[in-house]
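**Student:** Show me the folded form of this:
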Amino acid sequence: MFELYEERLKPESCGKVSAKLLRCSSCRAAKYCDAACQRSHWRRQKKECGALGGLMSRAESVARNDLEKRRDATAMFILGLRLGTGDEGIPRNPSLACELYEAATTVQKPIPGGHPVAMLRLALHYEVGIGVKQECERAFKYYSLAVQHPGQVGEESMCQALLALSRFHKIWSWRRGKI
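**Tutor:** Numbers count the residues shown, from 1 in each chain. Down below sits the predicted model:
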């Protein structure tokens, strides 16, 4: 096992073992201990580098697009909505829908601060106990976060959130003996 690890620490040209190796900026596959080592190996590596560089850039592009999709709160919310309702032939799975709503509330793209409609859906799930354990405190938290985005939540949804917040406030005030 150590031999395999040691092999990964060897540069292409000179074969010296080093913990800090430089990578070829084009293909990122060839490793060198310094610029002189890279120059001495360049004639042998030039053809491979062009082919590998193209493959690497395509792979990076695919990976970047995939990462962008995973960081998109709207895409997470829509999939969560479909899982929560069982739309479009997708089997209903409220707990997975809640996980996606939760992720959409933390992702900053395309809406800074998270997806407010996902916050509302998650608050409703916590309030009623759909797909998650019923927790009024967490429902209150997500309703509170959602109303901080008034322009990005529809009027009807905003009214529902404000009504829920006032309902929670009355319940907690009653429990504390203030009403």
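**Student:** contacts and neighbour counts: CA atoms only from here.
**Tutor:** Will do.
**Student:** Would you mind listing where the chain has pLDDT under the threshold?
**Tutor:** Under the criterion pLDDT under 70, the flagged ranges of the chain are 1-21, 25-29, 50-71, 108-111, 150-157, 171-179.
**Student:** Show me how it divides into domains.
**Tutor:** Here the domain parsing of the chain from automatic domain parsing is 2-69, 71-175.
**Student:** can you give me the helices for the protein?
**Tutor:** Along the chain, counting by DSSP state H, helices occupy 2-8, 35-70, 73-85, 94-106, 116-128, 136-146, 155-175.
**Student:** how many neighbours does the residue lying closest to Gly113 once chain neighbours are set aside have?
**Tutor:** Nearest in space to Gly113, with sequence neighbours left out and distances taken as CA to CA, 6 or more residues apart in numbering, is Thr106 at 6.8 Å. When neighbours are counted by other CA atoms under 10 Å, Thr106 registers 16.
**Student:** swap in Lys46?
**Tutor:** Lys46 - counted by other CA under 10 Å - has 12 other residues nearby.
**Student:** ok, now how distant is it from Ala103?
**Tutor:** 44 Å (CA to CA, to the nearest Å).
**Student:** so Ala73 makes contact with Thr105?
**Tutor:** Yes - Ala73 is within contact range of Thr105, at 7.2 Å (criterion: CA atoms under 8 Å).
**Student:** Give me the common contacts of the two.
**Tutor:** Jointly contacting Ala73 and Thr105 under the rule CA atoms under 8 Å, 6 or more residues apart in numbering are 114-115.
**Student:** how about the residue nearest to Gly113, what does it touch?
**Tutor:** Shown in contact with Thr106 (CA under 8 Å, 6+ apart): 113-115.
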